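1. Please work out how this folds:
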Amino acid sequence: MNASADLHRRALPSTISAEIKSGTKAVFADSNARKQVLPDAEIRRLVDSAFAVDDTSDFGRLVLVMAATGARLSQVARIKVADVEVAPSRIMVPPSRKGWAAKRATPIAVPVGADVIARLQPALSGRRGHEPLLLHWHKKQIGPAEWEGVDRRPWASASAAVRHWAAARDIAAVPADTVMLCLRHSSIVRALSASVPVRLVAALHDTSVQMIEAH
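-> Here you go, the predicted model:
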């Protein structure tokens, strides 16, 4: 690819080298993430560690919901308080906004354990149904090593959780290259291992049978 770019450099934009580097890096990163499937014991350690590294429990709840539902962070960030249905013990997960899923607005009913509902109770109590379920403090730097909370916001991207994830990963003693997407892939494999029909696994994880079979 780089050789082809060199050959046709005059006809290509000046940023082509950087774009190739970035694009291939993303492909390799995604490929690596797909291989990261952790056993249940390690997932539980990651969840517990996520609560341990953040005294607000904001990050712990994020990892808990991602692990319990197998949803992408972009979906989890859009879950509302009312989407947590306590009695039937399930979470209504918003569908992805990309690809074929973008055409349907019906939330996905994902069953979760009573322990998950219990750990989410502090984020449910006294709050309105339309509010985002998972929030965290957005901070600004007010000194060389001093930060101040400005307001609470939904998780916009995984980059907002990099520091907490690294700390939780260390405490849980999982491989240093383990990424948050492992929670999703581990959830998919866990369901398949439990003999859940592949079509149902695909529906619960907002993906296609073809995508699951390809990986």
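
2. what's around Asp115, how many residues?
-> The local packing count at Asp115 equals 12, with neighbours defined by other Cβ atoms under 10 Å. The C-beta positions use only the backbone N, C-alpha and C, and glycine is treated the same way.

3. next one: Leu135
-> The number of residues packed near Leu135 is 19, by other Cβ under 10 Å.

4. do you know how far it is from Ala168?
-> If you measure Leu135 against Ala168 using Cβ to Cβ, to the nearest Å, the figure is 18 Å.

5. just Ala82 next, same as before
-> As judged by Cβ to Cβ, Ala82 and Ala168 stand 28 Å apart.

6. Who has more neighbours out of the two?
-> Just comparing Ala82 and Ala168: by other Cβ under 10 Å the higher neighbour count belongs to Ala168, 26 against 14.

7. Now do the contacts for that one.
-> If you count contacts by Cβ atoms under 8 Å, 6 or more residues apart in numbering, Ala168 has them with Leu46, Ser49, Ala50, Ala52, Val53, Phe59, Val63.

8. and these as a markdown table, adding secondary structure, distance to Ala191 and pLDDT?
-> Shown next, in a markdown table, are the contacts of Ala168 (DSSP: H, G, I helix; E, B strand; the rest coil; distance: Cβ to Cβ, whole Å; pLDDT from 0 to 100):
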| residue | secondary structure | distance to Ala191 | pLDDT |
| --- | --- | --- | --- |
| Leu46 | helix | 18 | 98 |
| Ser49 | helix | 23 | 98 |
| Ala50 | helix | 21 | 98 |
| Ala52 | helix | 27 | 98 |
| Val53 | coil | 28 | 97 |
| Phe59 | helix | 25 | 98 |
| Val63 | helix | 18 | 98 |
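
9. Out of those residues, which comes closest to Pro107?
-> Val63 (20.9 Å; Cβ to Cβ).

10. show me what contacts that closest one?
-> For Val63, the contacting residues are Leu46, Val47, Ala50, Ala168, Met180, Leu183, taking Cβ under 8 Å, 6+ apart as the criterion.

11. Need the buried ones from those residues selected in PyMOL.
-> Here is the PyMOL command that selects only those of those that count as buried (16 or more other Cβ atoms under 10 Å):
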select buried, resi 46+47+50+168+180+183
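
12. any idea which of the contacts of Val63 is closest to Ala194?
-> Distances from Ala194 to these, taken as Cβ to Cβ, are shortest for Leu183 (16.7 Å).

13. three-state assignment of the closest one?
-> helix (DSSP: H, G, I helix; E, B strand; the rest coil).

14. That one against Gly70, yeah?
-> Yes - with contacts defined as Cβ atoms under 8 Å, Leu183 counts as touching Gly70 at a distance of 7.1 Å.

15. Many thanks, I have nothing further to ask.
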